[in-house]
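K.L.:
Attaching a predicted model along with its sequence, questions to come.
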Amino acid sequence: MTGPSDKERSWDLEREKIIGLGERSLRKTYYPELQQKLDELERFRALIDQSNDCIFLLHVASNRFIDVNESACRQLGSSRQDLLSSHWDRIFPDEAVSRAMESLAGGLEQGWDRDTITTWMHSSSGEEIPVEMTIRVVTFHKDLYGVAVARDITERKRAEKALLDNSRMLRDMELAKQIQLSLLPTAPPQIPGVSLAGYCLPATHVGGDYYHFSPRDNGIVDLAVADVSGHSIGAALMTAETRVVLRAQLATGSSAGRILTSMNEILSEDLGRSELFITLFCASFDTVSRTLTYANAGHSPPLLFSQAENSFQWLDADGLILGISDSVIFEEKHLQLESGDVLLLYTDGVTEADNGSGLLFGNERLCKILCSCHRESPQTIIDTILLNVAAFSGTIPMEDDVTMVVMKVE
Amino acid sequence: MESDEFPLRKFVAPEFIFGVDARNLAGRYAKNFGGRKVLVVTDPGVKAAGWSDQAIASLEESGLEYVLFDGVTSNPKSHEVATGAALYRQEGCNAIVAVGGGSPMDCAKGIGIVSANSGEIVDFEGVDRVEQSIPPLICIPTTAGSAADVSQFAIITDSVRQTKIAIISKMIVPDVALIDPVTTTSMSQDLTSQTALDALCHAIEAFVSTAHSAITDLYALQAIRSISSNLLPTLSTPENLGFRGRMMLASLEAGLAFSNASLGLIHAMAHSLGGMLDAPHGECNALLLPHVIDFNFPAVPERYTRIAGAMGVSTVDMPPDDILAALHSRINCLLQASGVSRPLSSMGVSRDDIHMLTLKALDDPCIFTNPRQPSREDIEAIYDRAF
């Protein structure tokens, strides 16, 4: 035999190991395992520290923090050491602490292991951070601990407040809308020799459009359409002011041109301050003589359809928009109407309705429709125009307030 | 340099406390090792003698929780290890106290291995197969023989294959042995002699082992000397704590020797036998001892000469054959006087079993350090002679 047999070699190898010289012939030691566990703990610590939530570990018996994560230190502006040596009433308000204590003390017996409190944390710089804190009870080797996870809810609070403000605003706007609509004539006056209808729809809750019709004692009926620039609350307030002034002026019994002159004088200061303007068409119709007297402060010229001549006429008259200049002379015109004539007062929300591809409803379409339905009642005429405007715009939302007054001579 | 004179050797021993009342330190040690809930492993006999209750009292005194596992039988079975490990896990234990002879201590080592490494105990058969350190293990031996409290050995019976497996690993050396001679006073005559002869075999096999060292030799010879002179007095005055203490010390010395030098053919063959018969380990060793000496003697006659000397045989100027004969007769006298001299035939083994017994003995790791490499036929012949 030249060397040891396989059997002998394996005996030798096993013998080496028994003697303790094998590679794995280690004395019992926990160090490698401990090192591995420590590494795992360090990784876990990093995980906890990277959380945006503030995490506190509270030892219930001693009522002290025994661990906090980095996020808590950062958000509270304190060092770990500092937090661990402070009582939690330094960080949380008393009511939150007492509720948490109660929960921790009584919770386990009642089968409870978790509570959520909305409170705030006091940072070292005096800042109050609103938080939602979840507290959970854990038992670790017979010792009771509370794990508190506090999440900064500043953003959420802000969003909630914005939502609340918004809904309050919406409610206010809805109220304003109802008030504004109530300022319009409730129903057209019943006057022999003429029939009337009016319509006003603000684009948003409140608008800058306004219309008016009212009879005088002597068979005369006054008509007006106004459009305050914009659809803001400011515009709506100005509309209300315009109504008051208009009604007061109409009560003096003055003619249309004078009324506009006075209104311009009265309103120009307020309009200048608020940087608003008003276009206003004002007319009075004598149902006995069938004479129409009118003046225009820069408003879209109303459309008159003459049944006898089957023709249209735009009722224009010289006059500046209200609020441009203190003293303005408004041209006053007179016109003889006949039975079957239809007068349409409107705001630019009708003619400037958009179909989404830049095309406007326009005067021509308005004329055509009026031509086709002039025999109908004033209300039906308005409804027909509205239907056509809606069909033209399709799904495009209305951008401007829409207002119309129709007067038909009988 | 004479390389043969200083071969590489390692000596591993746990911390041990020897002396009267050492057993009462269980609680203090369990606490110092970081124990919170301790699994107390014992067997019904030891429990009845009150030793495990004393260990529990010590744990309670230190404010520690405990769970008792007393389902260990002699020649501990793999399913007992599994049951103990399941209890250990289920109860959230983190330390083990073993109270008893070799069986509870080996079972406790097995429970430690399985709970730290998972798997089944049979997966760890062989040398250096335990990867993870076992939980803190405190041993309180109540016999003077197995020395499992200081050894890197655990012998478990595979209940499926009906065979003993040896697990040898430095990882399973206990953390502390609390060796209290008082605990051996509850042993019966039979158990006293069986365990003492086990210790004698440990010492003899360690001394002739191919892994022996100068340090293990010191302990082995001292143990042989001490057992030879104290066994019979102990048996005749079992209450005498002096003799009990000397036997306990001899067991410790034999343990330190064999844990480091390992064993040999006697143990390889006895494990095979014990696995098949569930017979007392000490007795199996004892009845094989003279026959294995006959076989091994030619390989290391000078070592056996020193053993004979330690046993009180005068060997001066004796030729080797006479020394063997004298040693043989000295051992047989001791066996007879201690009441352990049954032949193999009376233990329920038939000659038909020899083949299977031999194959298993050849697989036992204890065989690797036997001074003479036996063939299958050699082992068969030894079993045959033991009939």
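P.N.:
Cool, got the structure. Numbers count the residues shown, from 1 in each chain, chains lettered A, B, ... in the order given.
K.L.:
Residues of chain B that sit close to chain A?
P.N.:
Proximity of chain B to chain A (Cβ under 8 Å from any Cβ of the partner chain) is limited to residues B:8-10, B:12, B:36, B:127-128, B:131-134, B:168, B:170-173, B:175, B:210-211, B:260, B:262, B:365, B:367-369, B:373. Yep, even glycine has a C-beta here, placed from its N, CA and C like the rest.
K.L.:
at 6 Å instead, please
P.N.:
B:L8, B:K10, B:V127, B:D128, B:S133, B:I168, B:K170, B:M171, B:A211, B:S262, B:F368, B:T369 (Cβ under 6 Å from any Cβ of the partner chain).
K.L.:
quick one: average pLDDT of the longest helix along chain B?
P.N.:
Determined from DSSP state H, the single longest helix within chain B is helix B:214-236. Average pLDDT, helix B:214-236: 97.
K.L.:
Could the C-alpha coordinates of it be exported in PDB?
P.N.:
Taking Å, rounded to 0.1, in the frame of the first residue of the first chain, the C-alpha atoms of helix B:214-236 are listed here in PDB:
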ATOM      1  CA  ALA B 214      -1.400  15.200  27.600                       C
ATOM      2  CA  ILE B 215      -4.200  17.000  29.400                       C
ATOM      3  CA  THR B 216      -6.900  14.400  28.600                       C
ATOM      4  CA  ASP B 217      -4.400  11.700  29.800                       C
ATOM      5  CA  LEU B 218      -4.200  13.400  33.200                       C
ATOM      6  CA  TYR B 219      -7.900  13.300  33.700                       C
ATOM      7  CA  ALA B 220      -8.400   9.800  32.200                       C
ATOM      8  CA  LEU B 221      -5.800   8.200  34.400                       C
ATOM      9  CA  GLN B 222      -7.100   9.900  37.500                       C
ATOM     10  CA  ALA B 223     -10.600   8.900  36.700                       C
ATOM     11  CA  ILE B 224      -9.500   5.200  36.200                       C
ATOM     12  CA  ARG B 225      -7.600   5.200  39.500                       C
ATOM     13  CA  SER B 226     -10.500   6.800  41.400                       C
ATOM     14  CA  ILE B 227     -13.300   4.600  40.000                       C
ATOM     15  CA  SER B 228     -11.200   1.400  40.600                       C
ATOM     16  CA  SER B 229     -10.700   2.200  44.200                       C
ATOM     17  CA  ASN B 230     -14.000   3.900  45.100                       C
ATOM     18  CA  LEU B 231     -16.700   2.000  43.200                       C
ATOM     19  CA  LEU B 232     -17.000  -1.000  45.600                       C
ATOM     20  CA  PRO B 233     -16.900   1.100  48.800                       C
ATOM     21  CA  THR B 234     -19.600   3.300  47.200                       C
ATOM     22  CA  LEU B 235     -21.800   0.300  46.500                       C
ATOM     23  CA  SER B 236     -21.400  -1.000  50.000                       C
END
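K.L.:
what comes up buried for that helix?
P.N.:
In terms of neighbour count (16 or more other Cβ atoms under 10 Å in any protein chain shown), helix B:214-236 has its buried residues at B:215-217, B:219-228, B:230-232, B:234-235.
K.L.:
What pLDDT is listed against the residue most central in space within chain A?
P.N.:
Nearest to the mean C-alpha position of chain A, by Cα atoms, centre = their mean, lies A:N166 at 5.2 Å. Per-residue pLDDT puts A:N166 at 92.
K.L.:
which stretch of helix or strand covers it?
P.N.:
Assessed by DSSP states H and E, A:N166 sits inside helix A:154-182.
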